[in-house]
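next input, structure requested:
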Amino acid sequence: EGGGAGAFGNIGQAVRAVAARPEAFQGGAYLDGTQQFERVVLPRKGGVITMAQGWDRPGQRSTGAAVWTGANVLTKYMEEKLPGEFEGKSVIELGAGCSLGAIQAQWLGARVALATDGDVAVLDLARENIDANAKAGAGYGTIGAEKLYWGDEADIAKCRAAAQADSYDWIIGADITYKRDTWPYLVDTIKALSGEQTRTLLAMEPRLRDEVEGLRDAAAKRGMSFQEVMLPKELNRGGADACGFACPRIFELRLSGAQ
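Coordinates of the predicted model:
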């Protein structure tokens, strides 16, 4: 799937979006108040990614139908701090929503990038964004979207088949940890898709007081390590002193004992 963008992204769509609403162009890390825009334009080293959002679309009114700060910070971190780490690798995005993470991974040279979500209406939006933003040609792998309910063995098996392997090299997710009762299923799914070399990055702006410790506990109970990634100040509002409780944060999970 995909292949709708040129060398520098879908320039035509970006120009139309900014002409209709100049504040749709978001060059910083923080997307404050942009979730109800029809589109948001995100500059990257490889061009511009123009994300359609579905906040006001019938059938797509959910948090997954918009791009949030966690996803923007995660994808900026991937591009700026992990250059070359995604080339030739398999990448799956959990709770992808608009699919920004999968698109960024494909732009960074992933062999396979798969956006997944449990909401089939939101998956239509993910596919729309993939079709508009995916790049084609030498150095760019395949990208697509699949339904994945966390913990569902049949869905997990389909996602493994997309990677043509028992596990993924990278698992990414952003803004998907705000519901306490989903944590066990999320970590179970991460473990099911992981191998010894798999690295998982979860980005969040914690909204629950026990969100970080609860996830750390869920990971530990399933034999996974859970370590915070230190972000540069431009990606975390200058640290806790500057942003208070809900700072953007990224955590890395691995199977315990994995190198």
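
now the residue nearest to Gly64 when sequence neighbours are not counted: phi and psi?
Spatial nearest neighbour of Gly64, excluding adjacent residues (CB to CB, 6 or more residues apart in numbering): Gly97 at 3.7 Å. (Each C-beta comes from the backbone N, C-alpha and C, glycine too.) Backbone torsions for Gly97, taken as degrees, to the nearest 10, come to phi 60, psi -120.

verify the stated contact: Gly97 with Ala65.
Yes - using CB atoms under 8 Å, Gly97 is in contact with Ala65, at 6.6 Å.

measure the residue nearest the centre of the chain to Gly257 for me?
The centre of the chain sits closest to Gly101, judged by CA atoms, centre = their mean, with a distance of 3.2 Å. Here Gly101 is placed at a distance of 27 Å from Gly257 (CB to CB, to the nearest Å).

now do Ile250
22 Å.

for the two, indicate the residue with more neighbours.
More neighbours surround Ile250 than the other of Ile250 and Gly257, with 23 against 8 (other CB atoms under 10 Å).

beta partners of that one?
Counting by DSSP bridges, Ile250 forms beta bridges with Ala203, Val229.

how near is it to Ser90?
As judged by CB to CB, Ile250 and Ser90 stand 20 Å apart.

quick one, phi/psi of Arg216?
Torsion angles, degrees, to the nearest 10, at Arg216: phi -60, psi -40.

nearest spatial neighbour of it, chain-adjacent residues omitted?
Nearest non-adjacent residue to Arg216 (CB to CB, 6+ apart): Phe226, at 4.5 Å.

the one you found: what's it in contact with?
Leu215, Arg216, Ala219, Ala220, Phe251, Glu252, Leu253 (CB atoms under 8 Å, 6 or more residues apart in numbering).

again with Gln35
Gln35 neighbours (CB under 8 Å, 6+ apart): Gln53, Trp55, Ala66, Val67, Trp68.

switch the cut-off to 7 Å
The contact partners of Gln35, by CB atoms under 7 Å, 6 or more residues apart in numbering, come to Gln53, Trp55, Ala66, Trp68.

what number of residues lie near the third one?
When neighbours are defined as other CB under 10 Å, Ala66 has 25 of them.

ok, and the closest non-adjacent residue to it?
Gln35 (3.7 Å).

pLDDT score for the one you found?
With respect to pLDDT, Gln35 has a value of 92.

name the helix or strand for Tyr149, please.
When elements are assigned from DSSP states H and E, Tyr149 belongs to no helix and no strand.

so it sits right up against Thr116, yeah?
No - Tyr149 is not in contact with Thr116 according to CB atoms under 7 Å; the separation is 9.3 Å.

which residue of these two possesses the greater neighbour count?
In this view Tyr149 and Thr116 are compared by other CB under 10 Å, and Thr116 has more residues nearby, 29 against 15.

can you pull the contacts of the closest residue in space to the more buried one that isn't next to it in sequence?
Counting by CB to CB, 6+ apart, the nearest residue to Thr116 once its immediate chain neighbours are dropped is Leu148, at 3.6 Å. Residues near Leu148 by CB under 7 Å, 6+ apart: Leu94, Thr116, Asp117, Gly118, Asp155, Cys159.

how many neighbouring residues does Thr142 have?
Neighbour tally, Thr142, other CB under 10 Å: 17.

so what's it bridging to?
In this entry, Thr142 is beta-bridged to Val112, by DSSP bridges.

I appreciate the help and will end here.
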